[in-house]
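# what's the 3D shape of this:
(one chain, ligands or ions: 1)
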Amino acid sequence: MSRSVVASSPTLTLADGQTAPQMGLGVWQTPADLTAEVVRAAFETGYRLVDTAAAYENEAGVGEAVRASGIARTDVFVTTKLWNTHHAYDEALRAFDKSLQRLRMDYVDLYLIHWPVPTQDLYIDAWRALVRLQEEGRARSIGVCNFMVEHLRRIIGETGVIPVVNQVELHPQFQQTELRSFHASRGIVTQSWSPLGQGRLLKHPELARIAARHGKTPAQAIIRWHLDSGLMVFPKSIRPERLAENFEVFDFRLDDEDLAAIAKLDHPAGRIGSDPLTFR
Ligand code: NAD
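Okay, the predicted model is just below:
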């Protein structure tokens, strides 16, 4: 009996030399009791990157799926995140230990500060803790989420360590072009959260038109836009058929006309999620 060959994501190399799949699965709002099953289905489809967080309360399910998969630990890329209430240095180290315990892993591939919480002003402390975790080899790569240029400049200025990733809200209606050019100047890879606009962009007529031109679904066209833009992307779904649909994006590319049309969808008021300046 022949085994079906699963597709695999292209990879990106981070500034610290580690490689990561460019496309994966996000598990925000995936219920804890379904997470292991959803991640298992994703692995079967060919996914090898999972983006979780302490705040998602489903790290245990991610770890369980990795162990049950039979895939070598080194062939899976697991990201988790430090929550806002644990930015103080010792607190951050303890929070990381708890994440590893829930994952039942001895390292994560990428550990991120979840939000800068500038009103609390402890993200420098948190960043120093992540630097130590990377030195200890327990967080292979370290980065941040939702940092604006001013926050990035500050952690780089005060510690000399540049995050390899900044994970921010990013989709065709909120393209973050200025932030991305700052990232490019510092070798920071941009990860797109809510890449499908939490599903709201799937009915956008322009995106539907572009998808139809390629014989693809709107979700596939949008994911392809992230990939063609050099972004890392991990759309969320709990449905096996959508996990498969979202992963069938490696056999086409958008052309210049598509990219020009999508560039026009960017909007200053296109943000869906929270504002990093005020979110706590
Ligand atoms: P998303 O843009 O991935 O959209 C998910 C929604 O789209 C779900 O409701 C799903 O049912 C629907 N969907 C997915 N594929 C579909 C398809 N093929 N057809 C129809 N509907 C489909 O939104 P998200 O979950 O907010 O973002 C993805 C991931 O980004 C999260 O799971 C999480 O890992 C990460 N994230 C990080 C932060 C952060 O602050 N760092 C914030 C939000 C999300």
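
# Going by C-alpha atoms from here, please, whenever you check contacts or count neighbours.
Will do.

# and Ala7, what pLDDT?
pLDDT, Ala7: 82.

# how close does Leu277 sit to Pro116?
8 Å (C-alpha to C-alpha, to the nearest Å).

# neighbour count winner among those two?
Pro116 (28 against 15; other C-alpha atoms under 10 Å).

# give me every residue that touches Gly8.
Actually, residue 8 is Ser rather than Gly. Gly46, Tyr47 (C-alpha atoms under 8 Å, 6 or more residues apart in numbering).

# Would you agree it falls within a helix?
No - assignment of Ser8 by DSSP: H, G, I helix; E, B strand; the rest coil gives coil, placing it outside any helix.

# Quick check: it vs Leu49, distance?
Taking C-alpha to C-alpha, one finds Ser8 at 11 Å from Leu49.

# same check, this time on Asp90
Asp90 is 28 Å from Leu49, by C-alpha to C-alpha.

# Among the two, which residue is more densely surrounded?
The neighbour count for Asp90 versus Leu49, taken as other C-alpha under 10 Å, is higher for Leu49 (25 against 13).

# And that one, what's its pLDDT?
So Leu49 comes in at 98 (pLDDT).

# so who does it touch?
So Leu49 contacts Ala20, Pro21, Met23, Gly24, Leu25, Val76, Phe77, Val78, Thr79, Phe234 (C-alpha under 8 Å, 6+ apart).

# Setting aside sequence neighbours, what's the nearest residue to the third one?
In other words, Met23. Val233 (5.0 Å; C-alpha to C-alpha, 6 or more residues apart in numbering).

# Next, count neighbours for the one you found.
Neighbour tally, Val233, other C-alpha under 10 Å: 29.

# same question, Gly157
11.

# circling back: the residue nearest to Met23 and Cys145: what is the separation?
On the measure of C-alpha to C-alpha, Val233 and Cys145 end up 14 Å apart.

# all helices of the stretch 101-250 of the chain, in order?
123-135, 149-159, 177-186, 205-213, 218-228, 240-247 (DSSP state H, counting those that start in this stretch).

# most packed of those helices?
helix 218-228 (a mean of 23; mean count of other C-alpha atoms under 10 Å).

# list the contacts for the spatially most central residue of the chain?
Among the residues of the chain, the one closest to the centroid is Gln191, at 5.0 Å (C-alpha atoms, centre = their mean). Counting by C-alpha under 8 Å, 6+ apart, Gln191 makes contact with Val165, Asn166, Gln167, Val168, Leu170, Leu231, Met232, Val233.

# repeat that for 10 Å
By C-alpha atoms under 10 Å, 6 or more residues apart in numbering, Gln191 lies in contact with 22-23, 144-145, 165-170, 180, 226, 230-234.

# go on, Leu133?
Contacts of Leu133 by C-alpha under 10 Å, 6+ apart are Ala92, Leu93, Phe96, Asp97, Tyr107, Tyr111, Trp127, Ala139, Arg140, Ser141, Ile142.

# circling back to that earlier point, do you know the pLDDT at the residue nearest to Met23?
98.

# Could you do the one 10 residues further on as well?
The score at Leu243 is 98. That number is its pLDDT.

# my read: it touches Leu25, true?
Yes - shown here, Leu243 and Leu25 form a contact pair, counting by C-alpha atoms under 10 Å, at 8.2 Å.

# Common neighbours of the two, please.
In contact with both Leu243 and Leu25: Val38, Val39, Ala42, Phe43, Tyr47, Pro235, Lys236, Ser237, using C-alpha under 10 Å, 6+ apart.

# can you narrow these to ones near the ligand?
Pro235, Lys236, Ser237 (C-alpha under 6 Å from any ligand atom).

# Run through the chain and note the low-pLDDT ranges.
The chain contains residues with pLDDT under 70 at 1-5.
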